[in-house]
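**Q** Build me a structure from this.
(one chain, ligands or ions: 1)
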Amino acid sequence: MTLYTDRTVAPGERLKPPAELRPDNAGAAPTPPAQADVAVIGAGVIGLSIAWRLAGRGLSVAVFDRAEAGSGTSYAATGMLAAAAEHEPGGEELLALTLDSQRQWLDFRTSLEADANATIDYRDEGTLVVALGRDEVERLRFHHEQQRRAGLNTSWLNGMEVRRIEPGLRASVAAGISCPDDHQVDPRRVVPALASAFVRRGGFLIQGHPVTSLDMTGGRVSGVLTPTRLCRARTVIAATGAWSNDGVLPPTLDIPMRPLKGQALALRTNRQTGAPRHVIWTEQIHLAPKGDGQLIVGSTMEDAGFNPAITAGGVLALLEGVHRALPSSEEMEIEAVWSGFRPTTDDDAPIIGESGIPGLLLATGHHRNGILLAPVTATAIEQLIMDAATSGAASQFGLARFQRDSTTMAQIAGARR
Ligand SMILES: Cc1cc2nc3c(=O)[nH]c(=O)nc-3n(C[C@H](O)[C@H](O)[C@H](O)COP(=O)(O)OP(=O)(O)OC[C@H]3O[C@@H](n4cnc5c(N)ncnc54)[C@H](O)[C@@H]3O)c2cc1C
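**A** Numbers count the residues shown, from 1 in each chain. Predicted coordinates for the structure are as follows:
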C-alpha cells in the first residue's frame, strides 16, 4: 500500500547542513572570553576561514556572530570555485586573486577535512559553460577568447562533444567551454567543517552574540563589545559580509558596498531524472549537482536592498533557465527556494587588509566569490597578522584602492558587471 502525505516547500527556507554537522554541535563556548589575541566579527565562510587559520598559528581567537554561523550569506551560496567561468573583460587583477585561491583550495580542503574529520563534498568534475542555441554561440566564443587571452586552462567544444559529456542537456546545445579547474564544494558542509575545525584548534565560537560596538583605546581598536561583555583583543577583524555598513564599524571608514540579492532553488534528482556530472552554466543560470543528489539552480542578481522576498519573477527565471537546459528537470521535485545577499563593493572585488584604523582589519565584500576566495583571504590576513605585510594578488585589494583617483578605479574595476 502506498501512503501519500502532503509536502510543503516554505519559500525562503534555506538548505541546512546535515544535523550532525550543525555548528551548535561543535562545542561552542557559552560565554565570550574577556580577552583574546584576535576577535573576528562574523562567522561566515570568511570569518571562520581566517579564525581557523589563526588558531592553527597558536593565537587565541574568538569569533562572534549575532546569529548561527553561516546564516548570513554563506549558506545561500552554491559553492562554485569558478575562477575561469567567472572571468570577464577587464577582470585581470581579480582573476589573479581567484586563481590563487582556486589553487589554495586543494590544500585548504585537505587540511579542513582532516581537522574537522568531515567531508565537504569537494567535486572536481569541472564546469561546462554552454550555448543553448546558435544565437548564443558568438557570445560564448567571445567569452572563450577572453579566457584564452588570460592564459586560462579551458577548451572549446562543439554541440556534439558537449552532449557526449552531458547527455541530459537539451539537443539544441550548440557549443560549450570546458573549464576543468573550476571545481565545487558544498557550503552547507564547508561552514560546519570550519566551525568544528576552529573549535578543535581551541577557538571560541560565540553564536547569537551581536557585536554592538568597537572598544577604542588611545586611537586604536582594542576589542569588541557585546550586550553581555567586553572582549579585549590586540586585533579585530571585520568579516561582516553584506552587513559591514551596519553601524558597528566607525562611519569614517565609508565602505563602498551594497547587498546584491540572489534567489536560488534546490531540485531533487533521482535515477529516472538523472543528474549532470559537471557544474553547468548557461546565459541564464548555473546548475550544480551535489553529492547527495540535490541540484542547485542559481541565481538571480537583484539590486533590491535587504528585501529577502522570494518573487514569482525570480523563481520563474530559475525554472525557465533550468528547463531550457535540462528537459528532465520537469520531473524533479523542488526541495527549497531561498534568497541571500552578496556583499558587493563598487568594483565587485573584495576588501582585504588594513582599515586605516590601528587594530582593525577588514575581510569583506566578496560579492559572488566568497566561497572561492576564502583560502586566499585567510592567507592574506594571516600574513598581515604574523608578518605585518601581505604578498601576492591580495595586496591589491585593500580599502585604499577606493581612495585613489577615478582613473585607477576604472582600471581595477574594468568592465565587470
Ligand atoms: C545565491 C548566491 C549564490 C552564491 N554562490 C556562490 C558560489 O557558487 N561561489 C562563491 O564563491 N560564492 C557564492 N556566493 C557568494 C558567497 O555566498 C559570499 O561571497 C560569501 O558567503 C560571503 O561570506 P562572508 O563570510 O563574508 O559573509 P556572511 O556569510 O554573510 O557572514 C557574515 C556574518 O557576519 C555576521 N554579522 C554581521 N554583523 C554582525 C555583528 N554586528 N555582530 C555579530 N555578527 C555579525 C552575520 O550574522 C553573518 O553570519 C553566492 C551568494 C549568493 C547570495
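
**Q** List the contacts of Ile385.
**A** 38, 54, 59, 235, 361 (CB atoms under 8 Å, 6 or more residues apart in numbering). From N, CA and C alone the C-beta is placed, and that goes for glycine too.

**Q** same thing but at 6 Å, please
**A** Ile385 is in contact with Thr235, counting by CB atoms under 6 Å, 6 or more residues apart in numbering.

**Q** On the pLDDT front, check the residue of the stretch 301-417 of the chain found nearest the ligand for me.
**A** Distance from the ligand to each residue of the stretch 301-417 of the chain (CB to the nearest ligand atom) is smallest for Gly370, at 2.2 Å. On pLDDT, Gly370 comes in at 98.

**Q** And for Arg188?
**A** For Arg188, the model assigns a pLDDT of 97.

**Q** Find the residue closest to it in space, skipping its chain neighbours.
**A** Leaving aside its sequence neighbours, Arg188 sits nearest to Pro17 (CB to CB, 6 or more residues apart in numbering; 4.4 Å).

**Q** mind checking how far stretch 214-230 is from the chain centre?
**A** Computed by CA atoms, centre = their mean, to the nearest Å, the separation of stretch 214-230 from the middle of its chain amounts to 29 Å.

**Q** so where's this protein shaky on pLDDT?
**A** Counting by pLDDT under 70, the chain has low-confidence residues at 1-5, 22-30, 404-417.

**Q** May I ask you to name the longest helix in it?
**A** Using DSSP state H, we find that the single longest helix of the chain is helix 92-116.

**Q** Show me which positions of that helix end up buried.
**A** By 16 or more other CB atoms under 10 Å, the buried positions in helix 92-116 come out as 93-102, 104-105, 108-109, 112-113, 115-116.

**Q** Establish whether that helix and the ligand are in contact.
**A** No - under the criterion of CB under 6 Å from any ligand atom, helix 92-116 makes no contact with the ligand; the nearest approach is 8.9 Å.

**Q** so after that helix, what's the next helix or strand?
**A** Sequence order places strand 127-131 as the next helix or strand after helix 92-116, per DSSP states H and E.

**Q** So which residues make contact with the helix or strand just after that next one?
**A** For strand 127-131, the succeeding helix or strand toward the C-terminus, using DSSP H and E, is helix 134-149. Helix 134-149 is touched from outside by 84, 87, 89, 131, 154, 156, 174-175, 177, 283, with contacts defined as CB under 6 Å, 6+ apart.

**Q** Next, format the residues you listed as TSV and append secondary structure and distance to the ligand.
**A** Below are the contacts of helix 134-149 laid out as TSV (DSSP: H, G, I helix; E, B strand; the rest coil; distance: CB to the nearest ligand atom, whole Å):
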residue	secondary structure	distance to the ligand
Ala84	helix	13
His87	coil	14
Pro89	coil	20
Ala131	strand	21
Thr154	coil	18
Trp156	strand	24
Ala174	coil	25
Ala175	strand	23
Ile177	strand	17
Glu283	coil	17
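
**Q** Mind checking which of these are buried?
**A** 84, 87, 131, 154, 174-175, 177, 283.

**Q** between those, which is nearest Leu253?
**A** Nearest to Leu253, judged by CB to CB, of those is His87 at 29.9 Å.

**Q** list the contacts for the residue of the stretch 301-417 of the chain closest to the ligand?
**A** By CB under 6 Å, 6+ apart, the contact set of Gly370 is 45-46.

**Q** Give me the spatial nearest neighbour of the residue of the stretch 201-350 of the chain found nearest the ligand, chain neighbours excluded.
**A** Residue nearest to the ligand within the stretch 201-350 of the chain: Gly241 (2.6 Å; CB to the nearest ligand atom). Nearest residue to Gly241, sequence neighbours excluded (CB to CB, 6+ apart): Pro343, at 4.4 Å.

**Q** The one you found pairs with what?
**A** Beta-bridge pairing of Pro343 under DSSP bridges involves Pro259.

**Q** can I assume it is in contact with Arg368?
**A** No - counting by CB atoms under 6 Å, Pro343 stays clear of Arg368, with 9.7 Å between them.

**Q** between the two, which one's more packed in?
**A** Pro343 (28 against 22; other CB atoms under 10 Å).

**Q** how close does the more buried one get to Glu166?
**A** 32 Å (CB to CB, to the nearest Å).

**Q** and what of Tyr75?
**A** Here the criterion is CB to CB. By it, Tyr75 lies 27 Å from Glu166.
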